[in-house]
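**Q** Return atomic coordinates for the entry below.
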Amino acid sequence: MRVTVEGEYTLLTEGPCEVEVLEGEFEVFGFTAGPGFKATIDLFKAAPFYAIEKGQLALRGGKVSCVEGRSIPPSWDEAVSEIAEGARKVMVLGGVDVGKSGFVTYAINRLLASGRKVAVIDADTGQSDIGPPTTIGLGIAEKPVVMLSEVPLYDAVFIGLTSPSGLLHRSVAAVSYLADLALTKLGVDVVLVDTTGWVTDPEGRDLKLAKALALQPDLIVAIQVSGELEHLTKFLSRLYRVRAVDAALALRPRTREERRAIRASLYARYFEGASDKVVDPRALGIAYSFLWTGSPLPSEELERLGSLVGVPVLYAELCYDCVVAVTESPPPPGVADRLKEVYGVRNARVYDAGSLAHVLVSFGNREKMFMGLGIIRHYDPSRGALIVYTNVDVDKAEFIQLGYIRVNPESFEEEGWLEIWGI
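**A** Predicted structure coming up:
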C-alpha cells in the first residue's frame, strides 16, 4: 500500500515488512532517507519514518501507526552528543521494551555521520540482533542501518542459553572480551553495549552491576519509564557518568509468544545453507560438558558399568572429577550417585545417547571464537561420531561448546532447556 505522511509526523512501521520511500525525505533513526531508499523491518521490530516534509511511502506487509512529531526523544540527541565528545565504552541500560536497541541504532547512525568507527556488542542472548540467540555478538557498523540486524557480525561468544540466568559469569566475560577485541585489535572509536532488559531480581541486578565493573564504561545511558533503574544508577553514578534518557515513544510490548517467534526466525536465518556433517568430538577441544573431556574406558569396564547401571553402556569415560556413561536406553534413577561412590569422583553423568538429539552447539577456532551454531542430530557412541546440522566448515573448527537448549532443526522452534552442566 501507499501511505502519504504529512510533514512533521512519524509513521511507525512494525515488521515483517518492506518500506520504500517514494516521495519526500524521511529521518529514520538519525539519517535521512530520500526517494528510492528501501528497508526491511524485522519480525515484530519497529522503525520510525519521520517526514521532514510531506512524503509518501510504499509498504508491503506489517503494521503501521502514525504519531504527531518526532518519535525520537530529545534526550537521545543529548546523550549521543555526549558520546561524540569522546566516550569510547558506552553501556545502555533499560528494562524490557523501552527502546534500547532503537537508541543504539540511532547512536550508530549519528556517530557514523560524524566520522566515528563504531562497534556494537549485543548482550541480549534471548532477543539478539547481532548474532543468533544464545550468543553475545560483536558487530562493526559500516553504514547507516534501520535494523541492528544489518550490522555485520564480526565475532561472538556462545553463552549456551537464551537467558543469562545461572550463567552470569559467561555474559560478563563475553562483554569484557569482545570490548577489548574491538578497541585493541579492531581499533574502533566507540563500543556501544546493548544489554538485556533484565534489571530487577537478584540475578538481574547482579548481572548489570558486574557488567559495568568489568566494562568500566565512560558513559552509561539509562533508559527508564518510572524509576525502574534507580537501584542501579544510584550506585553506578558514584563510579561512572550516567545519563538518564527517556524511553522511546509509542512502543508496543512484545508478548512471550512473539519473542519465541523472533528467536525461531533468527535461528532459521543463521542456519541457511546448513547440512548434516560428521564431527569427531574427541578430536576437538570441548567446553561446557563433562562428556569427551576424559579418557575412554575399555570394553570390559563397559560391561561392569552396565551391570551397575542396569542397562547396556555404549560408551564411558573417566576424568579427574567425573565419570560419564552413555547408555543404550534411559537409565533408572539414582544410578549416578552409585557411580560416584564406585569411582570416587564428585560428579557422575548417566544418560542415553538419544539425550543429545537437538542440543544446540557452537564451533570456534583460534581466529574466531564463534564460527557458527550447530544442532546435534544424532550421536553414535560406537563410532565416536556426532551428526551435526550446521553451515560451519567443521574441518576448520578447533573446539566445540555445548549449549543447554534444544532446537528443532526443521522448525527451529525451541524444545526446552537442559540442566546446566548436565551433559
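
**Q** going forward, measure contacts and count neighbours with C-alpha atoms only.
**A** OK.

**Q** Tell me where the stretch 101-250 of the chain has helices.
**A** 168-180, 201-215, 230-236 (DSSP state H, counting those that start in this stretch).

**Q** Quick check: closest non-adjacent residue to residue 349.
**A** The shortest distance from residue 349 to any non-neighbouring residue, by CA to CA, 6 or more residues apart in numbering, is to residue 324 (4.8 Å).

**Q** ah, wrong one, I meant residue 118
**A** Once flanking residues are discounted, residue 118 sits nearest to residue 190: 5.0 Å by CA to CA, 6+ apart.

**Q** Wait, that neighbour touches residue 116, no?
**A** Yes: using CA atoms under 8 Å, residue 190 makes contact with residue 116 at a distance of 7.2 Å.

**Q** okay, those two: which has more neighbours?
**A** More crowded of residue 190 and residue 116, by other CA atoms under 10 Å: residue 190, with 23 against 16.

**Q** Tell me who's in contact with that one.
**A** 87-90, 116-119, 183 (CA atoms under 8 Å, 6 or more residues apart in numbering).

**Q** Tell me the buried residues within the residues you listed.
**A** Among the contacts of residue 190, those scoring as buried are 87-90, 116-119, 183 (criterion: 16 or more other CA atoms under 10 Å).

**Q** Narrow the residues you listed to those in strands?
**A** Among the buried ones among the contacts of residue 190, the residues falling in strands (DSSP state E) are 89-90, 118-119.

**Q** got the residues you listed as CSV, with pLDDT and distance to residue 319 columns?
**A** As requested, these are exported to CSV (pLDDT from 0 to 100; distance: CA to CA, whole Å):
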residue, pLDDT, distance to residue 319
89, 98, 41
90, 98, 43
118, 98, 45
119, 98, 41
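
**Q** Let me know the closest of those to residue 216.
**A** Nearest to residue 216 among those, counting by CA to CA, is residue 89 at 7.6 Å.

**Q** residues contacting that closest one?
**A** Contacts of residue 89 by CA under 8 Å, 6+ apart are 179, 190-193, 215-219.

**Q** what is it paired to in the beta sheet?
**A** Note on residue 89: beta-bridge partners by DSSP bridges are residue 191.

**Q** Tell me which helix or strand the residue nearest to residue 349 sits in.
**A** strand 322-327 (DSSP states H and E).

**Q** Which elements pack onto that strand?
**A** Contacts defined by 3 or more CA pairs under 8 Å, 6 or more residues apart in numbering; DSSP states H and E place strand 322-327 against strand 313-319, helix 335-343, strand 347-352.

**Q** mind checking which of these is nearest residue 205?
**A** Between the helices and strands packed on strand 322-327, strand 347-352 lies closest to residue 205; by CA to CA that is 30.7 Å.

**Q** Direction included, what does the helix or strand just after that closest one pair up with?
**A** Reading on from strand 347-352 to the C-terminus, the next helix or strand found by DSSP H and E is strand 359-364. The strands beside strand 359-364 in its sheet (DSSP bridges) come out as strand 372-380 (antiparallel), strand 399-407 (antiparallel).

**Q** contacts for strand 359-364?
**A** Residues outside strand 359-364 that contact it (CA under 8 Å, 6+ apart) are 158, 160, 369-376, 392, 394, 397-407.

**Q** what's the closest non-adjacent residue to residue 276?
**A** residue 389 (4.3 Å).

**Q** Name the spans of the chain whose pLDDT lies under the cut-off.
**A** Residue ranges of the chain with pLDDT under 70: 250-251.

**Q** Can you name the helix or strand that the residue of it most remote from its centre falls in?
**A** Taking CA atoms, centre = their mean, the residue of the chain most remote from its mean C-alpha position is residue 300, at 44.3 Å. Using DSSP H and E, residue 300 sits within helix 299-309.

**Q** separation between the residue positioned nearest the centre of the chain and residue 48?
**A** Nearest residue to the geometric centre of the chain (CA atoms, centre = their mean): residue 125, 3.1 Å. From residue 125 across to residue 48, the span is 25 Å (CA to CA, to the nearest Å).
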